[in-house]
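A.B. asks: take this sequence and fold it.
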Amino acid sequence: MIAKEEQYAAAMRRYSSGLGYSRLGALVSAVVISLQAISLSQVPWGSIAPPIYVLGFVIAYLLADFVNGLVHMVMDNTDRYQSVVGPLIAAFHLHHKTPRYKDSNPLAIYVLESGAKVWLVPYLGLVVYAQANWALPAVTSFVLAAVGVLSSVAEVSHYLCHNSTSRVVRLLQRLRLLLPPEHHAVHHSRDNTHYAFLNGVSDPLLNAIARRTCQGYMSRSDLHAQSYEGPGTANRG
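C.D. replies: Prediction:
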């Protein structure tokens, strides 16, 4: 059997080749942002009372933190490098090797990092279909659409956690509206923990799931990425 480090290197070579993996993000980003706009336009805004709107937003924020953390957990613990999506998995694992992003505008991060969220395409597609064809309650339509948008906001929160020292950002992090660096640092210093990255509130639940279902990343996917020095290592942010 080929060693996982060799499988990882082969997957990264496929990612950096002309097979289109590294360019797939631009297409995914365009589709995700388009579907986010459509889903928001389908929300019957006038039917939502302000208190319900606020409650729905809080629910969406908590759901987005949990769902994105769950996807993060799955990806960190996946090493199927020889599969058709193996190059995408391998490229994802570089985020532990190079935690800091290239400095950029948060809006650019929103757009660019949305391209890594392939799962949002079927999710938002189903949301738009349900909004158009099912009699969804207004608040349900809003929450589902908001989860899709906040999933991209989570990428911005993660970027700010690693790159920003702004006083405004630090205030939002202390208020747990964004991901605090002190909280997220545990994910990089300990194994199989603290996967959430919108604001980290759902980590107690995610950690309980991880303990029962995952082997961890430090002795597996982290090592595969750490030993790789080929093309693609600079592609962060």
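A.B. asks: pLDDT weak spots in the protein?
C.D. replies: Across the chain, the ranges flagged by pLDDT under 70 are 1, 18, 231-237.
A.B. asks: grab the nearest non-local neighbour of residue 146.
C.D. replies: Excluding the flanking residues, the one nearest residue 146 by CB to CB, 6 or more residues apart in numbering is residue 60, at 3.6 Å. The way it works is simple: take the backbone N, C-alpha and C, and place the C-beta from them, glycine included.
A.B. asks: do the same with residue 163
C.D. replies: residue 101 (5.4 Å).
A.B. asks: same check on residue 197?
C.D. replies: Spatial nearest neighbour of residue 197, excluding adjacent residues (CB to CB, 6+ apart): residue 158 at 4.3 Å.
A.B. asks: swap in residue 202?
C.D. replies: Sequence neighbours aside, residue 66 is the residue nearest to residue 202 in space, at 3.9 Å (criterion: CB to CB, 6+ apart).
A.B. asks: which helix or strand contains the one you found?
C.D. replies: Assessed by DSSP states H and E, residue 66 sits inside helix 50-76.
A.B. asks: next: residue 172.
C.D. replies: Using DSSP H and E, residue 172 maps to helix 167-174.
A.B. asks: using CSV, list the CA coordinates for the helix or strand following that helix.
C.D. replies: Counting by DSSP H and E, the next helix or strand C-terminal to helix 167-174 is helix 181-189. The C-alpha trace of helix 181-189 is given here as CSV (Å, rounded to 0.1, in the frame of the first residue of the first chain):
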residue,chain,number,x,y,z
PRO,A,181,-7.9,33.8,18.7
GLU,A,182,-7.4,32.5,22.3
HIS,A,183,-10.3,30.1,21.8
HIS,A,184,-9.2,28.9,18.3
ALA,A,185,-5.6,28.5,19.3
VAL,A,186,-6.6,25.3,21.1
HIS,A,187,-7.4,23.8,17.7
HIS,A,188,-3.8,24.3,16.6
SER,A,189,-2.2,23.3,19.9
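A.B. asks: got the contact list for the residue nearest to residue 202?
C.D. replies: Residue 66 sits next to 196, 202, 205-206 when contact means CB atoms under 8 Å, 6 or more residues apart in numbering.
A.B. asks: from those residues, which land in helices?
C.D. replies: Among the contacts of residue 66, the members found in helices (DSSP state H) are 205-206.
A.B. asks: which of the contacts of residue 66 sit farthest apart?
C.D. replies: Longest distance between any two of the contacts of residue 66 is 8.9 Å, between 196 and 205; criterion CB to CB.
A.B. asks: and for residue 37, the neighbour number?
C.D. replies: Number of residues near residue 37 (other CB atoms under 10 Å) recorded here: 13.
A.B. asks: quick one, phi/psi of it?
C.D. replies: Taking degrees, to the nearest 10, you get phi -60, psi -40 for the backbone angles of residue 37.
A.B. asks: repeat for the one 10 residues further on
C.D. replies: Note on residue 47: backbone dihedrals following degrees, to the nearest 10 are phi -90, psi 0.
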